[in-house]
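Could you look at this predicted model? Sequence included:
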Amino acid sequence: MTDDPRWHDWRWHIRNAVRSVADFERALGIRFTPEQRQLHERTLERFPMSVTPYYLSLIDTENHATDPVFLQSFPSSGELVVGPHDMADPLHEDSDSPAPGITHRYPDRVLFHVSNTCSMYCRHCTRKRKVGDVDSIPSRGDLERGLEYIRNTPQVRDVLLSGGDPLMLSDDMLDWLLTEVESIDHVEVVRIGTRMPVVLPFRITNDLVDMLRAHHPLWLNTHFNHPREITPDASRALRRLADAGIPLGNQTVLLAGVNDCPRIIRALNLKLVRNRVRPYYLYQCDLSEGLAHFRTPVGKGIEIMESLRGHCSGFSVPTYVVDAPGGGGKIPVMPNYVVAWGAGKVVLRNYEGVITTYHEPDDYTPNRCDLRCGDCALQLHAGDVPGHAVGVEKLLSDWDDTRSLTPSDNERMERRRDAS
Ligand SMILES: *Cc1c(COP(=O)(O)O)cnc(C)c1O
């Protein structure tokens, strides 16, 4: 089949995506027992399957049960196990949605869900609740409402096109959307989050890339989880994107049984940078329903980070993050490098275990900031710096006199209120 010219046609892969257990068995020459088949089919009723023939072709059929591509694309009965801490929408993306398709969580950037579908349904999808739900490409009218929100929200300077997979849209539709987004004055940068280079690299056509390069500054993040996924076809897709001047990043999810190994993650990151892709985030697996069997302890992630920093080039080290349940956003987690801190001295350790002392300056005069840049010796002559602090930043700033942050349900404060 891979010699057939249709093999390189991305639309053919979408039309021929494998969606049933029987087709899967036929395509790979695997036979499940009737009980296994029944269990898989039951899982598919809850969480549907879709695998591109390309991604399917990466499975090692001799060892399919532990194959990283198989584990990411084929249902596991583990998906039906819902633990006490699991949630349908752990990141509260739906509650932080001020307009259809928009999640506005951080001050200056939004997530814009521009497609409800993907060419391959990742079994570890954090938006599993939505997969196959409305298997459709939104109309221009649907997207207009998201665009309207961005137009009316001047704080938004970074728009992250996500989904589903934004590259499920046609080139023309994407061209229109990117043109609309970039016509908004306050939007400075656009990013695309897509798994196409991994699961369907033939989507990265010359036509697509020629269209994208007309929309700079455009960044693109993809989602490789295992070095085996970086095939010659994937490398070619990445090369086209990088040659078009699109900075490439990668977001990996830490998955038990797939990549929870320092050597696999290191090999993946080294292979990514050889392909001009900067490892961006390593994610702790979310608390979405159906993902229990993929989760590792956070300690596994920290152990992996320990094996990266110092051991390989700094640009091949991603930031390990836990996306806070409840919508708090991404929280970076890493090994502790500060061993002790005294007056004027910081004691640090490096990746080799060497413990060292950094002497802080005795005569440092902090720049007190009152937000009047014109009176300051530092040469920032910009009027567009945010004039309000958020969160912990407030406690450190000179120009906001907040001294402490108190949770709204603090009992001690409630007693005070009751007493007054
Ligand atoms: C991850 C995410 C972003 C982007 O975060 P960065 O750290 O800037 O990459 C924006 N909005 C939402 C809701 C996100 O989950």
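Received it, and whenever you're ready, just let me know what you need. Since this is a predicted model, take the numbers as computed values, not measurements. Residues are numbered from 1 along each chain as shown.

now the strands for the stretch 101-250 of the chain?
Assigned by DSSP state E, counting those that start in this stretch, the strands in the stretch 101-250 of the chain fall at 102-106, 109-113, 158-162, 189-193, 218-222, 248-253.

right, and those strands - which one's nearest residue 73?
strand 248-253 (13.8 Å; CB to CB). Bear in mind the C-beta positions are built from the backbone N, C-alpha and C, glycine included.

quick one: buried residues of that closest one?
248, 249, 250, 251, 252, 253 (16 or more other CB atoms under 10 Å).

same check, this time on stretch 327-340
327, 330, 333.

what does it rub up against?
Residues outside stretch 327-340 that contact it (CB atoms under 8 Å, 6 or more residues apart in numbering) are 91-93, 95-96, 105-106, 281, 284, 298, 301-302, 305-306, 309, 319-324, 346-350, 355.

tell me, how many neighbours does residue 420 end up with?
5 (other CB atoms under 10 Å).

Tell me the bridge partners for whatever residue of the stretch 251-400 of the chain ends up closest to the ligand.
In the stretch 251-400 of the chain, the residue that lies nearest the ligand is residue 330 (5.4 Å; CB to the nearest ligand atom). According to DSSP bridges, the residues that bridge with residue 330 are residue 323.

Could you list the residues of the stretch 1-150 of the chain in contact with the ligand?
Contacts of the stretch 1-150 of the chain with the ligand, taken as CB under 6 Å from any ligand atom, map to 103, 105, 106, 109, 111.

Give me the pLDDT for residue 384.
With respect to pLDDT, residue 384 has a value of 56.

Likewise for the one 4 residues further on?
Residue-level confidence at residue 388 comes out at 78, pLDDT.

excluding its backbone neighbours, what's nearest it?
Once flanking residues are discounted, residue 388 sits nearest to residue 400: 7.6 Å by CB to CB, 6 or more residues apart in numbering.

Next, the contact list for the residue lying closest to residue 142 once chain neighbours are set aside, please.
Counting by CB to CB, 6+ apart, residue 100 is the residue found nearest to residue 142 once chain neighbours are left out, at 6.4 Å. With contact set as CB under 8 Å, 6+ apart, residue 100 has these partners: 142, 145, 146.

How about residue 225?
By CB under 8 Å, 6+ apart, the contact list for residue 225 reads 68, 72, 198, 252, 253, 255, 258, 259, 268.

From the structure, what's the count of residues near residue 359?
A count of nearby residues for residue 359, using other CB under 10 Å, gives 8.

How about the contacts made by it?
Here residue 359 is in contact with 344, 345 (CB under 8 Å, 6+ apart).

Name the residues linked to it by a beta bridge.
According to DSSP bridges, the partner residues bridging residue 359 are residue 345.

can I get the buried residues of stretch 327-340 in TSV with pLDDT?
TSV is the format used below for these (pLDDT from 0 to 100):
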residue	pLDDT
327	88
330	97
333	98
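
Return the member of these nearest to residue 409.
Set against residue 409, the nearest of the buried residues of stretch 327-340 by CB to CB is residue 327 (16.5 Å).

Please name the bridge partners of the closest residue to the ligand within the stretch 151-300 of the chain.
Closest approach between the stretch 151-300 of the chain and the ligand, counting by CB to the nearest ligand atom: residue 160, at 5.4 Å. In this entry, residue 160 is beta-bridged to residue 111, residue 191, by DSSP bridges.

What is the burial count for it?
Neighbour tally, residue 160, other CB under 10 Å: 19.

Tell me if I'm right that it and residue 111 touch.
Yes. Between residue 160 and residue 111 there is a contact under CB atoms under 8 Å: 5.0 Å.

Need the overlap of contacts for these two.
With CB under 8 Å, 6+ apart as the test, residue 160 and residue 111 reach no residue in common.

Going by neighbour count, which of the contacts of residue 100 are buried?
Applying 16+ other CB under 10 Å to the contacts of residue 100 flags residue 146 as buried.

Can you tell me which of the contacts of residue 100 is closest to the ligand?
Distance to the ligand across those (CB to the nearest ligand atom) is lowest for residue 146, with 13.3 Å.

In contact with the closest one, which residues?
Contacts of residue 146 by CB under 8 Å, 6+ apart are 99, 100, 101, 102, 112, 113, 114.

mind listing the helices for this structure?
10-15, 21-28, 34-46, 53-56, 68-73, 140-151, 171-182, 196-199, 206-212, 232-243, 262-274, 298-306, 392-396, 411-419 (DSSP state H).

Could you identify which of the ones you listed is most buried?
Comparing the helices of the chain by mean neighbour count (mean count of other CB atoms under 10 Å), helix 196-199 ranks first with a mean of 28.

contacting residues around that helix?
10, 52, 54-55, 118-120, 165, 167, 203-204, 222-225, 229, 234, 237-238, 241.
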